[in-house]
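Peer 1: Please find the sequence and the predicted model below.
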Amino acid sequence: MQTHESPAVTKTNGPALMDRRTLLMSSGALAAAAMGTGAQNAAFAQKADSRGGVGRKALPLRKGMAGFMLAHEQFSGPQLVELGARAEKAGFDLLATSDHFQPWQANQGHSGEAWVTLGALTRQITSVWMGPTVTCPTLRYRPEVVAQTFASLSNAFSGQIFLGLGSGEALNEQAATGQWPSWRERWDRLIEASEIIRQLWTGKQVTHKGKFYTLDARLYDPPAKPIPVLLAANGPKAMRLSGQHGDGLITDPQTWKQHKAEWQAGVKAAGRNPDELPVLVEQFVVVGDESEARKAAQLWRFLPKAFKGYHNIPDPREIQRRAEAEIPIEQLIKEWTVSTDPAVHVKALNDLFKSGVTIVNVHSGQADQHAAIDFYGSRVLPQLHSTSVS
């Protein structure tokens, strides 16, 4: 990595792919952190420091990493900071947070600034991985600002930061900027933005004149450790592009099951091995019975059509109206893990791991987040971490 003293200049013309060897080593570190939690992960980070990064061949990919979702749509920033600290103590390996300007549905009631929450969490937690699922670096934010922010977060938090990026939703980008380009343009912007972010993280002077962005600048405080960039995808075309341009994948269980071959093909087209890249899947759970699940579903009713049309709607009130009229609650909760039996939850997570998922990001939509965190900490994660996943 380039230090502040080097005058080297990186010149780019559009979103040409750069060498990602160091970044991919970081992605392997993210996946390999599934070896354990707490002190184990701290020891892992120290080992990574002493070697200047960890390659996947030195530390084989391990499955079984469990994350906890901090949903800005449903809870305030201060609540999420408290929940994140509780989730780390419970034994989760990773904290993910949504990054929205508005909630998906108006009745969710919140939409705090994700980066503020992540910054506050650096003072409350010690060893888990942390990052957004996902930030859109193309309209509401510019890539240069994203690069600066996550370099600063990484330096403040011993490098345990990942960056999830996506092409955005109208309820955030259009509502905040008035712009909502075509799907292809949004992905072209995302690819170019992700390359700018990577170039700035080298600490070199970056001269870039692309299709969408122009800059001549240097990041004077680059990250001390490489930051893996995971790209979100929710359809076959996006899955392939994510494989080609990301250091890992963020998706949902159905998309993974239906279109993982597209992602794998994209990874192989870029000359890499899909088995060596992290795959993060968000799984909705409820620790309770069907009545508890139905309450939670009122706030997350849009999910089956989130990226089948609702992502093009800029008004959360309209998304809620459409979801309530078009999506039966039974359709939604049948995809969730709903039970007070820990074995049911363990099986659901292990089934995803066996399908090739590296990280299952547990998202509990229920009001009592403490109950969900404590249940997983005492009755699910110990079984999960002691179970060998083939």
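Peer 2: Now that the structure is in, tell me what you want to look at.
Peer 1: just the helices in the stretch 251-390 of the chain please.
Peer 2: In the stretch 251-390 of the chain, the helices defined using DSSP state H, counting those that start in this stretch lie at 253-269, 290-297, 316-326, 329-333, 342-354, 369-375, 381-385.
Peer 1: need those in TSV with mean pLDDT, can you?
Peer 2: Below are the helices of the stretch 251-390 of the chain laid out as TSV (pLDDT from 0 to 100):
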stretch	mean pLDDT
helix 253-269	98
helix 290-297	98
helix 316-326	98
helix 329-333	96
helix 342-354	97
helix 369-375	98
helix 381-385	89
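Peer 1: Quick one: mean pLDDT over stretch 115-126.
Peer 2: Taken as a whole, stretch 115-126 has an average pLDDT of 97.
Peer 1: Pretty sure residue 176 sits against residue 99.
Peer 2: No - assessed by C-beta atoms under 8 Å, residue 176 is found out of contact with residue 99, at 12.0 Å. Yep, even glycine has a C-beta here, placed from its N, CA and C like the rest.
Peer 1: Please identify which of the two sits among more neighbours.
Peer 2: Using other C-beta atoms under 10 Å, the more surrounded residue of residue 176 and residue 99 is residue 99, with 25 against 17.
Peer 1: pretty sure the more buried one contacts residue 135?
Peer 2: Yes - with contact defined as C-beta under 8 Å, residue 99 reaches residue 135; the gap is 4.6 Å.
Peer 1: shared neighbours, the two?
Peer 2: residue 114 (C-beta atoms under 8 Å, 6 or more residues apart in numbering).
Peer 1: ok, which stretches of the stretch 1-150 of the chain are strands?
Peer 2: Secondary structure of the stretch 1-150 of the chain (DSSP state E, counting those that start in this stretch): strands at 9-12, 65-70, 94-97, 129-132.
Peer 1: quick one: the longest one to chain centroid distance?
Peer 2: When you say that, I think you mean strand 65-70. Relative to the chain's own centre, strand 65-70 is displaced by 10 Å; criterion: C-alpha atoms, centre = their mean, to the nearest Å.
Peer 1: How about stretch 354-369?
Peer 2: Per C-alpha atoms, centre = their mean, the displacement of stretch 354-369 from the mean C-alpha position of its chain is 12 Å.
Peer 1: Next, the buried residues of that stretch.
Peer 2: By 16 or more other C-beta atoms under 10 Å, the buried positions in stretch 354-369 come out as 356, 357, 358, 359, 360, 361, 362, 363, 364, 365, 366, 369.
Peer 1: Return the subset of those residues lying in strands.
Peer 2: Per DSSP state E, strands hold the following members of those: 359, 360, 361, 362, 363, 364.
Peer 1: is it possible to export those residues to JSON lines including distance to residue 336 and pLDDT?
Peer 2: Below are those laid out as JSON lines (distance: C-beta to C-beta, whole Å; pLDDT from 0 to 100):
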{"residue": "359", "distance to residue 336": "18", "pLDDT": "96"}
{"residue": "360", "distance to residue 336": "13", "pLDDT": "97"}
{"residue": "361", "distance to residue 336": "14", "pLDDT": "98"}
{"residue": "362", "distance to residue 336": "11", "pLDDT": "98"}
{"residue": "363", "distance to residue 336": "9", "pLDDT": "98"}
{"residue": "364", "distance to residue 336": "9", "pLDDT": "98"}
